[in-house]
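Colleague: Provide a 3D model corresponding to the input given below.
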Amino acid sequence: MDTFDYAIVEEAAKQCYIKALCDLPPDVRAALKKAYDRETKPAARSVFEAMFKAIEIADSKKTLLCQDTGLPIYKVRIGSAYAWNGAKIKAALYEGAKRATQEFPFRSSSTHTITRVNPQTSVGPGLPVTYFDFDGDSANLDILMVPKGSGSENMSQMKMFYPQHGIKAVKKFILDAVIESGANPCPPGIIGVGLGGTADLVMKLAKDAIARPVGQRNPDPMLAEMEEELEEAINATGRGPMGLGGDVSCLAVHIESAYTHITQNPVAVNTQCWPARRARAVITPVGEVAYGY
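Modeller: Numbers count the residues shown, from 1 in each chain. Predicted coordinates for the structure are as follows:
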């Protein structure tokens with residue numbers, strides 16, 4: 001018999017959305033400080049100082065880091081050692097995102113794709129974007145919330161390569177995508193790269209990549225080496241913070257991969273802006289909630 005109170009999940013979804021928008025994760029703060037210490041261009045250093053001021057205001061006033069509150073994305077890992085109800089979890093995430101928008105309150109970014117009518121709820125058909133995965137060793141419900149603003153999301157690119165194009169063409173595509181994005185994704189942020197899978201899976205992999213803590217390397221040595229190589233190349237472009245020139249053009253490159261078809265090689269790029277926002281809630285079967293990143 002299902003006795004769990006899914007109002008707990010709804011409240012956690014609400015709090016994660018608000019937390020993600022207002023409280024920058026410690027790894028992102030540390031990465032920005034490290035980038036500032038590396039930066040030698042006076043104008044670029046002043047841009048970083050403006051970022052630090054925005055963080056200071058958000059911390060002191062418990063307010064938004066950025067006015068673009070993004071579209072809500074929830075990545076959920078269901079612990080298989082407890083009989084969680086997936087349909088109730090999904091409904092609770094919907095209501096939690098809606099309540100965050102109406103009760104905090106903040107600007108809703110969700111709109112009808114044709115009429116452009118904004119219901120001011122951050123939800124609607126297809127929203128929040130929700131991904132489910134499973135953990136066979138846990139009984140807990142792990143919810144990671146990642147709000148995605150349009151400045152970075154609009155710069156997403158995906159291409160279906162053939163194997164004969166080779167890895168050099170893949171790297172060039174990634175670099176070109178970053179260079180073409182210019183100042184739009186509010187650099188320096190995280191460059192998420194997806195390799196392999198299918199056309200739909202490869203973009204999800206790129207999204208998974210931006211949700212990693214800054215600088216956490218892929219466990220595959222080949223991919224970790226590629227992350228480092230691309231980081232160096234992107235920072236060598238001189239794009240700099242907010243696209244105004246400087247030594248630091250990205251905080252990190254993260255790559256996620258999957259096996260793919262023998263005749264294809266999908267590649268996707270998804271950028272996260274400098275306030276790489278995310279928040280996490282871990283819920284136990286007895287209703288205890290721990291918040292983090």
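
Colleague: Give me the number of neighbouring residues for E103.
Modeller: 10 (other CB atoms under 10 Å). To be clear about C-beta, it is placed using only N, CA and C from the backbone, and glycine gets the same treatment.

Colleague: Count the residues that sit near the nearest residue to it once chain neighbours are set aside.
Modeller: Nearest residue to E103, sequence neighbours excluded (CB to CB, 6 or more residues apart in numbering): K14, at 7.2 Å. Counted with other CB under 10 Å, the neighbours of K14 add up to 24.

Colleague: just G196 next, same as before
Modeller: For G196, using other CB under 10 Å, the count is 18.

Colleague: what residues are up against the residue nearest to E103?
Modeller: Counting by CB atoms under 8 Å, 6 or more residues apart in numbering, K14 makes contact with 96-97, 99-100, 103.

Colleague: mind listing the helices for the stretch 1-150 of the chain?
Modeller: Taking DSSP state H, counting those that start in this stretch as the criterion, the stretch 1-150 of the chain contains helices spanning 7-22, 26-38, 42-61, 86-103, 150-153.

Colleague: Let's have those in a markdown table, adding distance to R217 and mean pLDDT.
Modeller: Listed next are the helices of the stretch 1-150 of the chain as a markdown table, based on distance: least, CB to CB, whole Å; pLDDT from 0 to 100:
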| stretch | distance to R217 | mean pLDDT |
| --- | --- | --- |
| helix 7-22 | 24 | 98 |
| helix 26-38 | 13 | 98 |
| helix 42-61 | 24 | 97 |
| helix 86-103 | 30 | 97 |
| helix 150-153 | 22 | 96 |
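
Colleague: right, so the ones you listed: which one is the most enclosed?
Modeller: helix 7-22 (a mean of 22; mean count of other CB atoms under 10 Å).

Colleague: What angle do helix 42-61 and that one make with each other?
Modeller: 140 degrees (axes from the mean of the first three to the mean of the last three CA atoms, to 10 degrees).

Colleague: okay, the angle between helix 7-22 and helix 86-103?
Modeller: 50 degrees.

Colleague: Keeping just the C-alphas, turn stretch 10-24 into PDB.
Modeller: The C-alpha atoms that make up stretch 10-24 are tabulated as PDB, following Å, rounded to 0.1, in the frame of the first residue of the first chain:
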ATOM      1  CA  GLU A  10       6.100  18.800  -4.400                       C
ATOM      2  CA  GLU A  11       7.600  21.000  -1.700                       C
ATOM      3  CA  ALA A  12      11.100  19.700  -2.500                       C
ATOM      4  CA  ALA A  13      10.500  20.500  -6.200                       C
ATOM      5  CA  LYS A  14       9.400  24.000  -5.300                       C
ATOM      6  CA  GLN A  15      12.400  24.600  -2.900                       C
ATOM      7  CA  CYS A  16      14.900  23.200  -5.400                       C
ATOM      8  CA  TYR A  17      13.700  25.600  -8.200                       C
ATOM      9  CA  ILE A  18      14.000  28.600  -5.800                       C
ATOM     10  CA  LYS A  19      17.400  27.400  -4.400                       C
ATOM     11  CA  ALA A  20      18.800  26.900  -7.900                       C
ATOM     12  CA  LEU A  21      17.900  30.400  -8.900                       C
ATOM     13  CA  CYS A  22      19.300  32.100  -5.800                       C
ATOM     14  CA  ASP A  23      22.100  30.000  -4.400                       C
ATOM     15  CA  LEU A  24      25.100  29.300  -6.600                       C
END
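
Colleague: can you tell which of the helices of the stretch 1-150 of the chain is closest to I234?
Modeller: Closest to I234 of the helices of the stretch 1-150 of the chain, according to CB to CB: helix 26-38, at 12.4 Å.

Colleague: what are the C-alpha coordinates of that closest one, in PDB please?
Modeller: Provided in PDB are the C-alpha atoms of helix 26-38 (Å, rounded to 0.1, in the frame of the first residue of the first chain):
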ATOM      1  CA  PRO A  26      30.200  26.000  -4.100                       C
ATOM      2  CA  ASP A  27      32.000  24.400  -7.000                       C
ATOM      3  CA  VAL A  28      30.800  27.200  -9.400                       C
ATOM      4  CA  ARG A  29      31.800  29.900  -6.900                       C
ATOM      5  CA  ALA A  30      35.300  28.300  -6.600                       C
ATOM      6  CA  ALA A  31      35.600  28.000 -10.400                       C
ATOM      7  CA  LEU A  32      34.800  31.700 -10.900                       C
ATOM      8  CA  LYS A  33      37.300  32.700  -8.300                       C
ATOM      9  CA  LYS A  34      39.900  30.600  -9.900                       C
ATOM     10  CA  ALA A  35      39.100  32.100 -13.300                       C
ATOM     11  CA  TYR A  36      39.400  35.600 -11.900                       C
ATOM     12  CA  ASP A  37      42.800  34.800 -10.400                       C
ATOM     13  CA  ARG A  38      43.900  33.500 -13.900                       C
END
